[in-house]
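# Predicted model and sequence below, questions to follow.
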Amino acid sequence: MLTRSALLYLARQEKLKDIAARFRTFRKITARFIAGETIDEAVTAIKDLNARGCSASFDHLNESVSSVAETEGEVREYLNVLAKIDEAGINSNVSIKLTQFGLEIDPELTYQNARQVVADGARRGNFVRVDMEGSAVTQMTIDVFKRLRNEFGLNDVGIVLQSYLYRTEEDARDLLKIPARIRLCKGAYDEPASVAYPEKKDVDDQYVRVMKLLLASGTYHGIATHDPKMIDATIDFAQKQSISKEAFEFQMLYGIRRDLQEQLARDGYNMRVYVPYGKHWYPYFMRRLAERPANVWFVMKNLWK
Ligand SMILES: Cc1cc2nc3c(=O)[nH]c(=O)nc-3n(C[C@H](O)[C@H](O)[C@H](O)COP(=O)(O)OP(=O)(O)OC[C@H]3O[C@@H](n4cnc5c(N)ncnc54)[C@H](O)[C@@H]3O)c2cc1C
């Protein structure tokens with residue numbers, strides 16, 4: 001059986017990313033986690049989510065971009081998405097990855113690219129979330145985010161922290177002082193024990209610690225997890241501290257625990273679903289397989305069908 005590390009290693013193979021994008025036969029397998037290849041397919045998925053009481057966040061799949069021209073294409077794509085959200089009247093914000101905007105080429109280019117998207121979102125009254133990627137770019141991501149946050153408002157741009165990194169509690173305290181809107185997740189990349197907790201229990205313990213800091217801060221944050229234990233701990237803490245349901249949101253990924261998404265929405269919690277779309281689905285898809293070995297069987301079964 002492929003291990004989590006092996007799947008995450010495969011996720012980082014750039015050549016496979018390009019090859020996989022060409023095979024439309026993978027489509028029926030990826031459809032569970034990816035809303036489609038085009039903005040319009042993502043809009044259709046988001047209309048359905050909105051009808052089920054969930055808001056959404058668009059994610060155009062294309063990380064680790066290595067040419068300036070491609071980063072400019074990503075900016076155009078996100079400007080189209082922001083326009084499309086208004087045109088279609090759907091309840092959605094957007095999530096960006098800074099390596100998509102050139103973080104592995106030049107941080108200044110990245111900032112200029114990202115600020116175009118954040119400025120357009122701010123003009124439209126929408127919100128841009130900066131996703132967090134591997135630990136090699138954590139500090140750079142925070143630095144670019146702080147520049148953006150310095151220029152734009154609390155409700156224009158936010159960031160993500162990962163509870164598997166040792167540094168995260170300190171980062172949370174630092175970012176809360178600005179203040180900043182934070183999405184808390186466990187972390188999806190293959191990280192060494194020098195920077196991240198190897199044991200799930202420690203990742204979960206830090207998740208709960210940071211969740212409490214976020215909820216108690218009075219700023220609107222995103223609690224991103226499918227883990228019922230993390231969700232119960234959040235609901236329990238909010239109830240004990242008399243923090244209202246409107247003061248934060250739960251977030252989950254497209255196609256994962258739809259039952260729980262709908263249950264939380266029915267219970268009156270704000271529920272946002274992260275909706276990835278695009279041709280470059282390979283690394284995202286592989287990270288979803290790595291999170292749950294049973295997903296590999298699901299893929300195998302469908303390949304033989
Ligand atoms: C909205 C959102 C945004 C995210 N943004 C980022 C980001 O910017 N950076 C980053 O590093 N990570 C991001 N992640 C991914 C995150 O870090 C985790 O890898 C992922 O959410 C799995 O962790 P978990 O909290 O669900 O808990 P886990 O302990 O991994 O899983 C708990 C339970 O959830 C279910 N589950 C979890 N994953 C899957 C799956 N792939 N398929 C089927 N069932 C599953 C299973 O029932 C599992 O037992 C994001 C996650 C969400 C929900």
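Yes, it's here.

# Please identify the buried residues of stretch 101-111?
For stretch 101-111, the neighbour count (16 or more other CB atoms under 10 Å) marks F101, G102, L103, E104, I105, P107, T110, Y111 as buried. All C-beta spots, glycine's among them, are computed from the backbone N, C-alpha and C.

# Likewise for stretch 185-193?
Applying 16+ other CB under 10 Å to stretch 185-193 flags C185, K186, G187, A188, Y189, D190, E191 as buried.

# Against the ligand, which of these make the cut? List them.
Among those, proximity to the ligand is found for C185, K186, G187, A188, Y189 (CB under 6 Å from any ligand atom).

# In helices, which of those residues appear?
With helices taken from DSSP state H, there is no overlap with those.

# ok, of those residues, which one's closest to I34?
A188 (15.1 Å; CB to CB).

# tell me the contacts of the closest one?
Residues in contact with A188, defined by CB atoms under 8 Å, 6 or more residues apart in numbering, are Q162, R287, A290, E291.

# which residue packs closest to the first one, ignoring adjacent ones?
In space, and not counting its chain neighbours, Q162 is closest to G187: 3.2 Å by CB to CB, 6 or more residues apart in numbering.

# quick one, phi/psi of the one you found?
Main-chain torsions, G187, degrees, to the nearest 10: phi 110, psi 130.

# Report pLDDT for it.
Looking at G187, its pLDDT reads 98.

# cool, T3 as well?
Predicted confidence (pLDDT) for T3: 79.

# correct me, but V137 touches K97?
No: V137 is beyond contact range of K97, at 9.4 Å (criterion: CB atoms under 8 Å).

# do you know how far R4 is from the ligand?
10 Å (CB to the nearest ligand atom, to the nearest Å).

# So Q251, which state does it fall into?
When classified by DSSP: H, G, I helix; E, B strand; the rest coil, Q251 comes out as strand.

# Assign H280 to helix, strand or coil.
H280 - assigned by three-state DSSP - is coil.

# re the thing from before, contacting the ligand as well, which ones from the contacts of A188?
Counting by CB under 6 Å from any ligand atom, the members of the contacts of A188 near the ligand are Q162, E291.

# Output the contacts of A188 as JSON lines; include the columns neighbour count.
Output for the contacts of A188, formatted as JSON lines (neighbours: other CB atoms under 10 Å):
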{"residue": "Q162", "neighbour count": "27"}
{"residue": "R287", "neighbour count": "19"}
{"residue": "A290", "neighbour count": "23"}
{"residue": "E291", "neighbour count": "17"}
